[in-house]
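Novice: Sequence plus predicted model, see below.
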Amino acid sequence: MKIQELMTTKIESVDSDKTVYDAIEKMVDRRIRALMVRFPEEKLNHGIITARDIVFKVLAKSLNPKDILVSEIASKPAVCIDKNMDLNEAASIMEKKNIARIFVCDSEQIIGVIALIDIMTGALIMRARGDHDS
Amino acid sequence: MILEKILSPGKKERKVTDNMRRHIQLLCAACDLFRTAMEKDDRNLMRDVIDLEREGDSIRREIISLIYEGAFLPYLRPDLCRYVEIVDNVFDVLGDTAPYYLDGKIPEQIKSECIRIAYFNSKICEMLLITFEAMLKGDDLREKTLAIRIYEKKIDDIKFSLIRDIHKIPISNFWDGKILSEFISGLSAISDIIEEASDHLQIINLSMK
């Protein structure tokens, strides 16, 4: 199964010059755990900010999220994989890089995001279809 | 074919299961057509969906007639009829939603997400067919129904995001808004009904054991 079949195509984003608090607000409102970070002056580079970044780099250190910019804690550049990659390859990259979600690209354009839960559900769908060896 | 073997093997039962298979295959074709019509913005293809709904209706009548003529043991008949009615309900929703597409214009900002729902609708329908075939073989349906629930959840997530997005779209008159709203409701209701159909297959499967 190709990742484009199960990726989330709606990508929520935040500008790099916004505060971490803005990012938290958006994540809570949308019930999501990560946001794509836009760096307006650098067209092709995108980053990512996750709940993990916010907790470990800001909240757990008792820093004020209103004083810290997204650009200070975002991971950049975001890891991007081809839309035609299969689920196992994507899982292997996520394991190597110890990340829970990864952007999906068509040429250099980000077209979606795939999370570990998508890989898991994709594997279950493949089992149900009989597209597996085990 | 566990349904025929266990219960009452005969030509009528075979005819019913063949028609039930044809019913789901036709539904898959209708869902695929709906998706292609949206992707290509082809209004003629969308009109064909309405024709398929009528064809689905006639298969439903045939199945119900065969069951009432005495196919299968009596205790199974209500559940089989109910299942066929649920599948037919999916046809109805598809047939009702297609005209909303023809009457309105889907705003560009939500088009790709609507196509994504239509894509998952055809996938969930494919999975219903796989579940039905598994039931006929007497297989465990647990993994198949889980896959259906996964697809349904995916569609639900897109639906909630769509609802948020449509709040931002300015609507110039009541009917434009109503048509768009009905279109999205219909498009996202299909997976709920297919999930209900798969749950019913599970009930039929359990009642045969």
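Specialist: Looks like it came in fine. Numbering: from 1, shown residues only, chains lettered A, B, ... in the order given.
Novice: Please identify the buried residues of the lengthiest helix in chain B?
Specialist: Assignment by DSSP state H gives helix B:174-207 as the longest helix of chain B. For helix B:174-207, the neighbour count (16 or more other C-beta atoms under 10 Å in any protein chain shown) marks B:176, B:179-180, B:182-184, B:186-191, B:193-198, B:200-202, B:204-205 as buried. C-beta here means a position set from N, CA and C on the backbone, and glycine is covered the same way.
Novice: ok now that helix, how far from the chain's centre?
Specialist: Centroid separation between helix B:174-207 and its chain, computed with C-alpha atoms, centre = their mean, to the nearest Å, is 7 Å.
Novice: Could you pull up the mean pLDDT of that helix?
Specialist: Helix B:174-207 shows a mean pLDDT of 94.
Novice: Next, see if that helix gets close to chain A.
Specialist: No. Remark: helix B:174-207 sits outside contact range of chain A, by C-beta under 8 Å from any C-beta of the partner chain, the gap being at least 10.8 Å.
Novice: could you give the angle of the host helix or strand of B:Pro78 to helix B:174-207?
Specialist: Assigned by DSSP states H and E, B:Pro78 belongs to helix B:77-103. Calculated by axes from the mean of the first three to the mean of the last three C-alpha atoms, to 10 degrees, helix B:77-103 forms an angle of 160 degrees with helix B:174-207.
Novice: on contacts alone, who are the packing partners of helix B:77-103?
Specialist: Helices and strands touching helix B:77-103, by 3 or more C-beta pairs under 8 Å, 6 or more residues apart in numbering or on different chains; DSSP states H and E, are helix B:11-40, helix B:43-68, helix B:174-207.
Novice: could you redo the last one with a cut-off of 10 Å?
Specialist: Contacts defined by 3 or more C-beta pairs under 10 Å, 6 or more residues apart in numbering or on different chains; DSSP states H and E place helix B:77-103 against helix B:11-40, helix B:43-68, helix B:108-137, helix B:174-207.
Novice: Now for A:Asn98, how many residues are close by?
Specialist: Using other C-beta atoms under 10 Å in any protein chain shown, A:Asn98 has 6 other residues around it.
Novice: Just the pLDDT for it.
Specialist: 91.
Novice: mind checking how far it is from chain B?
Specialist: The gap separating A:Asn98 from chain B is 25 Å, by C-beta to the nearest C-beta, to the nearest Å.
Novice: And for A:Gln109?
Specialist: A:Gln109 is 13 Å from chain B, by C-beta to the nearest C-beta.
Novice: tell me, how many neighbours does that residue end up with?
Specialist: Per other C-beta under 10 Å, the neighbour tally for A:Gln109 reads 10.
Novice: what sits against the residue in chain A that chain B sits nearest to?
Specialist: Closest residue of chain A to chain B, C-beta to the nearest C-beta: A:Ala128 (3.5 Å). Counting by C-beta atoms under 10 Å, 6 or more residues apart in numbering or on different chains, A:Ala128 touches B:127, B:130-131, B:134, B:141-148, B:150-151.
Novice: so which of those residues are also by chain A?
Specialist: B:127, B:130-131, B:134, B:141-148, B:150-151 (C-beta under 10 Å from any C-beta of the partner chain).
Novice: Among these, which one lies nearest to A:Thr9?
Specialist: For these, the residue nearest A:Thr9 by C-beta to C-beta is B:Tyr151; the value is 15.2 Å.
Novice: wait, isn't the closest one in contact with B:Phe120?
Specialist: Yes. Under the criterion of C-beta atoms under 10 Å, B:Tyr151 makes contact with B:Phe120 at 5.4 Å.
Novice: which stretch of helix or strand covers the residue of chain A closest to chain B?
Specialist: Residue-wise, A:Ala128 maps onto helix A:116-129 under DSSP H and E.
Novice: quick one: that helix to helix B:108-137, angle?
Specialist: Taking the same axes, to 10 degrees, one finds helix A:116-129 and helix B:108-137 inclined to each other by 40 degrees.
Novice: in chain B, what residue sits furthest out from the centroid?
Specialist: The C-alpha centroid of chain B is most remote from B:Ser172, which lies 32.6 Å away (C-alpha atoms, centre = their mean).
Novice: which phi and psi does it have?
Specialist: Per-residue torsions, B:Ser172: phi -90, psi -30 (degrees, to the nearest 10).
Novice: Generate a markdown table for the helices and strands packed on helix B:77-103, with distance to A:Met120 as supplementary columns.
Specialist: Below are the helices and strands packed on helix B:77-103 laid out as a markdown table (distance: least, C-beta to C-beta, whole Å):
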| stretch | distance to A:Met120 |
| --- | --- |
| helix B:11-40 | 25 |
| helix B:43-68 | 33 |
| helix B:108-137 | 17 |
| helix B:174-207 | 19 |
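Novice: For A:Val70, which of the ones you listed is the nearest?
Specialist: Across the helices and strands packed on helix B:77-103, A:Val70 has its closest neighbour in helix B:108-137 (24.3 Å, C-beta to C-beta).
Novice: Whichever helix or strand comes after that closest one to helix B:108-137, inter-axis angle?
Specialist: Going down the chain from helix B:108-137, the next helix or strand is helix B:142-166, by DSSP H and E. In terms of direction (the same axes, to 10 degrees), helix B:142-166 departs from helix B:108-137 by 170 degrees.
Novice: looking just at contacts, which helices and strands does helix B:142-166 meet?
Specialist: Using 3+ C-beta pairs under 10 Å, 6+ apart: helix B:142-166 touches helix A:3-6, helix A:20-30, helix A:116-129, helix B:108-137, helix B:174-207.
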